[in-house]
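Trainee: What follows is a predicted protein model with its sequence.
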Amino acid sequence: MEKRNAIITGGSRGIGLAIIKNLLADNYEVWYLSRSEIEEDLGSMVHHIACDVGDKEALESSLKIAVKEAGTVNVLVNNAGITRDGLIMRMSNENFEDVININLTSTFITCRTLSRTFLKQKFGSIINISSVVGVVGNGGQANYAASKAGIIGLSKSLAKEFASRGVRVNCIAPGFIETSMTDKLTESQKEMIVEQIPLKKMGKPEMVADCVKFLASDASSYITGQVICVDGGMVM
């Protein structure tokens with residue numbers, strides 16, 4: 001199988017780590033940008049670039065390093081994200097702006113920085129991780145919902161810009177996935193959530209990673225500008 005290259009933001013744990021492992025199994029060489037490094041040894045095909053994606057200049061610089069080392073980029077996955085939940089009447093400007101900056105602005109910067117590479121090589125798949133919250137909204141998460149809805153709008157616009165050059169752009173909108181974010185919930189909160197999910201269970205990070213693998217592959221070569229909800233049926 002031909003080796004391919006992928007760049008991912010926020011890949012040190014949870015969904016990002018699952019995506020990296022899945023891409024490695026599919027013969028990708030992976031560059032991941034995050035503040036912390038993956039704790040386990042995944043071999044020589046994984047390269048960590050220490051970067052706070054909220055630092056715009058550092059992000060651009062790190063992306064250029066990754067592109068220079070990789071040469072060509074088959075797949076870009078924008079996965080970095082944070083939450084700062086709270087009712088809007090008590091939400092500070094800082095908590096709103098931090099979430100927009102990490103979740104949405106970093107996605108814009110990575111897409112802009114790598115746009116010349118993708119358009120010049122005339123192939124590639126950009127996969128942006130949104131959320132079902134960006135599709136339907138959620139009380140107490142106005143900042144997070146705005147950032148994830150923004151990612152959807154950005155992705156659809158770029159899909160139209162890049163299609164003529166053979167570059168596809170899609171979104172994945174995970175529902176409740178078992179990660180460090182959902183670990184903060186109480187058991188009663190988890191039970192209430194599961195009751196709202198038609199499949200009656202939370203998802204695993206690997207389920208999102210499988211969708212990334214599909215959108216990265218030639219099996220999805222006629223799919224662009226779409227939002228795929230990996231949510232157990234929450235959004236129908």
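Mentor: The structure has been received and is ready for your questions.
Trainee: Can you give the contact residues for stretch 49-61?
Mentor: 9-10, 31-35, 37, 62, 65-66, 80, 98, 101-102, 105-106, 109-110, 113 (Cβ atoms under 8 Å, 6 or more residues apart in numbering). Where C-beta positions appear, they are placed from N, C-alpha and C, glycine not excepted.
Trainee: An error on my part: the question was meant for stretch 177-185.
Mentor: With Cβ under 8 Å, 6+ apart, stretch 177-185 has contacts from 13-15, 83, 176, 190, 193, 202-205, 207-208, 230.
Trainee: pull the helix or strand with minimum mean pLDDT from this protein.
Mentor: Across the helices and strands of the chain, mean pLDDT, DSSP states H and E gives its lowest value to helix 180-183, namely a mean of 76.
Trainee: follow-up on the earlier one: of the contacts of stretch 49-61, which belong to helices?
Mentor: Judged by DSSP state H, the contacts of stretch 49-61 include Ser62, Ile65, Ala66, Asp98, Ser106, Ile109, Thr110, Thr113 as members of helices.
Trainee: Closest to Ala142 out of the residues you listed?
Mentor: Asp98 (13.2 Å; Cβ to Cβ).
Trainee: name the element the closest residue to Gly140 other than its chain neighbours belongs to?
Mentor: Spatial nearest neighbour of Gly140, chain neighbours left out: Asp85 (5.2 Å); criterion: Cβ to Cβ, 6 or more residues apart in numbering. Per DSSP states H and E, Asp85 falls between elements, in no helix or strand.
Trainee: for Asp85, phi and psi?
Mentor: Here is the backbone geometry of Asp85 (degrees, to the nearest 10): phi -70, psi 150.
Trainee: residues contacting it?
Mentor: Contacts for Asp85 (Cβ under 8 Å, 6+ apart) come out as Gly140, Gln141, Tyr144.
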